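1. need a structure here:
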Amino acid sequence: MNWLWKPKTPTPQKWMISIFLLSLIGALAPIIWRSFVPAAHWQLQSLYGALLLTIAGGLWLRSLYRRKLWRPAGPWTDYGPIKRWLMTALCVCFFVFVLWLDLVATLPMAYTRMMGDDVMFTSTAEKKRGSGRHACRQQLKLPDIHYILFEFCLNEDSFNDLPDGPLPARISARQSYFGSSIHTIELAVPRAQ
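-> Predicted structure coming up:
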């Protein structure tokens, strides 16, 4: 494991590095699989949870540093006090965001897929062109869903065949307390005459 930490690294520092790396890997899930939509109440609760976990991690890190069980590496030791404070603020914000992704989507997505109930509901859907560099170019937008990481992709032929404006849709999903994992969206498209 010399590529992850240096020899004679204290065990608590290894634990902190491992927890940080697992959190980063977990945060990739909602970026890759974009069909999960967390419930509105859970989005706020997970933000509070991410803040509390970050504070607890910061206190643990400070305790380790004071007991000489944490040895900062890299340019950190060469930074001046202002640069250290700025870097600390940046790292705290980044870690809150990573933990929020883990709590709002990664863990609830896994729970919902395993323990959620199959549901069908109706809504409306509109076609939408994706604007992101790595986003789907052709998407369906559900006006009831206000979550930035949700995408439902279509192929170009199906997208071009759809009329503009809202269309009635029947949505198949797995649902739990934490949110919904959208499986299919069936559109009621008027037939061309």
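2. wait, Gly58 touches Val96, no?
-> No: Gly58 is beyond contact range of Val96, at 10.4 Å (criterion: C-beta atoms under 8 Å). Quick note: C-beta positions are derived from backbone N, CA and C, even for glycine.
3. can you list the domains in this protein?
-> Using automatic domain parsing, the domain ranges for the chain come out as 11-115, 117-187.
4. common neighbours of Gly58 and Val96, please.
-> When C-beta atoms under 8 Å, 6 or more residues apart in numbering defines a contact, no residue borders Gly58 and Val96 alike.
5. contact partners for Gly116?
-> Arg174, Gln175, Ser176, Ser180, Ser181.
6. reformat those residues as TSV; add secondary structure and neighbour count.
-> Output for the contacts of Gly116, formatted as TSV (DSSP: H, G, I helix; E, B strand; the rest coil; neighbours: other C-beta atoms under 10 Å):
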residue	secondary structure	neighbour count
Arg174	strand	20
Gln175	strand	17
Ser176	strand	18
Ser180	strand	22
Ser181	strand	20
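7. and the residues you listed as TSV, adding distance to Asn160 and pLDDT?
-> Output for these, formatted as TSV (distance: C-beta to C-beta, whole Å; pLDDT from 0 to 100):
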residue	distance to Asn160	pLDDT
Arg174	30	94
Gln175	32	93
Ser176	35	94
Ser180	28	92
Ser181	28	91
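8. same list (those residues) but as a markdown table, adding distance to Pro168.
-> Shown next, in a markdown table, are these (distance: C-beta to C-beta, whole Å):
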| residue | distance to Pro168 |
| --- | --- |
| Arg174 | 22 |
| Gln175 | 20 |
| Ser176 | 26 |
| Ser180 | 18 |
| Ser181 | 22 |
